[in-house]
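**Q** What would the 3D arrangement of this be:
(one chain, ligands or ions: 1)
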Amino acid sequence: MGHGESIAQNTLFFSNLVQFPDAHRSSGRVTSGVDQRWDEVYTYRRLGNTFVYYSQFIIPGFIDTHIHAPQYPNTGTKVDLPLLEWLNAYTFPLEVKYSDLKFARDVYQKVVHKTLSNGTTTASYFATIHKGASMALCDAAESFGQRAYVGKCNSDQNLPDNYCEGTAASLRDTEEFIMEVLGRKNPLLTPVITPRYAVSCTTELMAGLGKLAEKYDLPIQSHLCESLAEVKWVSELFPQYDSYTDVYDKCGVFTNKTVMAHCVYLTEFDVALMKERGVGVSHCPNSNLSICSGLMDARTWLDKGLKVGLGTDVSGGYHPSMLDAIRLAIHTSNALSIQRPPDYKSLSYQEAFRMATLGGAEVLALDDTIGNFEVGKDFDALLVDMESSNSRVDTFDFDSIEDLVQKFLFIGDDRNIQEVYVCGQKVVGDGK
Ligand SMILES: Nc1nc2[nH]cnc2c(=O)[nH]1
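**A** Below you'll find the model as predicted:
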């Protein structure tokens, strides 16, 4: 594909554009067939005084497969160190503060509001080690109506003393957190098992977390092969294992509901194991570029059959918007293509868009519920207006729907997102 994408793939992409959602709103589900005809896409565009403006379209909501909600106050700052130094200098000192519930509530309201208004209808959140603050993140997602995976983070080694748990306490708090979240019986809210990364978890802790995931049938999230220094540290900490992935696998945290962020430095062995287990990749290009971790090769992982979604990785990534993740995924792929053989195809914008929607749903094992407008799925959607009064994008009469969608993906922003729906409920827009 790359810059010569096929019609078939275009059709797949534009089949994600549907008519305005009156029917979908009332049921919360996608109720009518997906419209593959381009002319129908125009039906719900605004009527101007003298002619029809073709300015609005609807797309599936964005799925952020990796975001650290407590790191939100640092977004846009402090990206001048590589991963391990960055964690110690900026990230752990901030996360420690979430023992203060008032602080946690304030930040979590802001991050959920910000991501939703940028079109993130589903987010897979890391919280901190604190159970109370992790519940505060659930409260924020519930109050705004966002679909969320929320993970109480787990770490029992190699972290500052004031931010490290005992193994038993970590497992106990996690199970209590799970029961409290499940007790809310909110179908939009799911606890996610969250060993921070192998560096900060003993095998005893990871194995205990794997058992909890199995007991409650829950998704799992963590970090994998993000930077060379981190990969080296893992090999020193776990010399008896074949690789980084082997550590996770033997501890029972590699399932078909596991998402691993970054995956820049996977070996053939890692890829084969992840494919066999159905483990998904969260590609976080802003973070990988900002804290100089490396260039993840999405094309190769996709070609090898891995599931790949996109993540903002706030605040290693400095931007909470998935539009930014789409752009930087394309640019990362373009940069890689410069170094690769001429037949290497960089990601097309259609593929990056898919990774931000259906790809993310696959990675989170939610593709039977969200990710596109297949009949019967939940109606999670964005109404985009490229001529919103405050839009910073110029459009022209001769712009095709393809042009408008591309303009949104490349130079649009939250000012073009007029309405956001989660399961048919309007959560952003007039009246909200
Ligand atoms: N990007 C990133 N990588 C990590 N690895 C372990 N913790 C983190 C984190 O908070 N952010």
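**Q** For the stretch 51-200 of the chain, what lies in contact range of the ligand?
**A** H68, L83, L87, T91, R196, Y197 (CB under 6 Å from any ligand atom). Glycine gets a C-beta too; all of them are placed from N, C-alpha and C.
**Q** What about the spatially closest residue to the fifth one that is not a sequence neighbour, how many residues nearby?
**A** Counting by CB to CB, 6 or more residues apart in numbering, R196 lies nearest to S155, which is 4.7 Å off, once chain neighbours are set aside. Neighbour count of S155, defined by other CB atoms under 10 Å: 24.
**Q** Would you mind measuring from S155 to S243?
**A** According to CB to CB, to the nearest Å, S155 and S243 sit 21 Å apart.
**Q** Of all the residues in the stretch 51-200 of the chain, which one is nearest the ligand?
**A** The stretch 51-200 of the chain approaches the ligand most closely through Y197 (4.2 Å), counting by CB to the nearest ligand atom.
**Q** got a list of what that residue touches?
**A** Contacts of Y197 were listed using CB atoms under 8 Å, 6 or more residues apart in numbering, and they are S222, H223, L224, E226, E230.
**Q** How about V314?
**A** Counted by CB under 8 Å, 6+ apart, V314 has contacts I67, H68, A69, Q71, Y72, T75, V111, P320.
**Q** That one pairs with what?
**A** G317 (DSSP bridges).
**Q** separation between the one residue in the chain that gets nearest to the ligand and A213?
**A** For the chain, the residue closest to the ligand is G316, as judged by CB to the nearest ligand atom, at 3.5 Å. From G316 over to A213 the distance is 25 Å, taken as CB to CB.
**Q** ok, those two, which is more surrounded?
**A** The neighbour comparison of G316 against A213 (other CB under 10 Å) goes to G316, with 31 against 23.
**Q** For Y349, see how far away that one is.
**A** Separation of G316 from Y349 (CB to CB) stands at 24 Å.
**Q** quick one on the thing from earlier: can you say which of the residues of the stretch 51-200 of the chain next to the ligand are buried?
**A** Among these, those classed as buried by 16 or more other CB atoms under 10 Å are H68, L83, L87, T91, R196, Y197.
**Q** which residues touch the second one?
**A** Contacts for L83 were tallied using CB under 8 Å, 6+ apart; they are E226, S227, A229, E230, I291, S293, G316.
**Q** hang on, the earlier thing: keep only the contacts of Y197 that also lie close to the ligand.
**A** Among the contacts of Y197, the residues within reach of the ligand (CB under 6 Å from any ligand atom) are H223, E226.
**Q** Cross the contacts of Y197 against helices and list the overlap.
**A** Applying DSSP state H to the contacts of Y197, the entries found in helices are E230.
**Q** what two of the contacts of Y197 are the furthest from one another?
**A** In the contacts of Y197, two members sit farther apart than any others by CB to CB. They are S222 and E230, at 12.0 Å.
**Q** In terms of neighbours, single out the busier of these two.
**A** Set S222 next to E230 and count neighbours by other CB under 10 Å: S222 wins out with 30 against 24.
**Q** residues contacting the residue lying closest to that one once chain neighbours are set aside?
**A** Using CB to CB, 6+ apart and skipping the chain neighbours, the partner closest in space to S222 is P195 (5.1 Å). Contact partners of P195, counting by CB under 8 Å, 6+ apart, are N154, S155, C201, L205, M206, L209, I220, S222, V253.
**Q** ok, 10 Å please
**A** 151, 153-156, 170, 174, 201-202, 205-210, 213, 220-223, 248, 251, 253 (CB atoms under 10 Å, 6 or more residues apart in numbering).
**Q** cool, and Q418?
**A** Applying CB under 10 Å, 6+ apart, the residues near Q418 are Q56, L382, L383, V384, D385, S388, V428, G429, D430.
**Q** can you rerun that using 6 Å?
**A** Contacts here follow CB atoms under 6 Å, 6 or more residues apart in numbering; on that basis Q418 touches L383, D385, G429.
**Q** Please name the nearest non-neighbouring residue to the first one.
**A** The spatial neighbour of L383 that comes closest, neighbours along the chain excluded (CB to CB, 6+ apart), is E419 at 4.0 Å.
**Q** SS state for the one you found?
**A** strand (DSSP: H, G, I helix; E, B strand; the rest coil).
**Q** Thought A381 was touching it, still the case?
**A** No: the criterion here is CB atoms under 6 Å, and E419 misses it with A381 at 8.2 Å.
**Q** who has more neighbours, those two?
**A** A381 (28 against 20).
**Q** V422 is in contact with the more buried one, correct?
**A** No: using CB under 6 Å, A381 is not in contact with V422; the gap is 8.6 Å.
**Q** Report the contact partners of the residue lying closest to Q71 once chain neighbours are set aside.
**A** Computed as CB to CB, 6+ apart, the closest residue to Q71 that is not its neighbour in sequence is S315, at 3.8 Å. Taking CB under 6 Å, 6+ apart, we find S315 in contact with Q71, N74, T75.
**Q** Any idea how many residues pack against P285?
**A** If you count neighbours by other CB under 10 Å, P285 ends up with 29.
**Q** Now do the same contact list for it.
**A** Residues in contact with P285 (CB under 6 Å, 6+ apart) are L328, A329, T332.
**Q** ok, for it, nearest residue in space, not its chain neighbours?
**A** Nearest one to P285, counting by CB to CB, 6+ apart, is L328 at 3.8 Å.
**Q** Tell me the buried residues in the helix or strand harbouring the one you found?
**A** According to DSSP states H and E, L328 maps onto helix 322-339. The neighbour-count check on helix 322-339 (16+ other CB under 10 Å) flags 322-333, 336-337 as buried.
**Q** Appreciated, that's everything.
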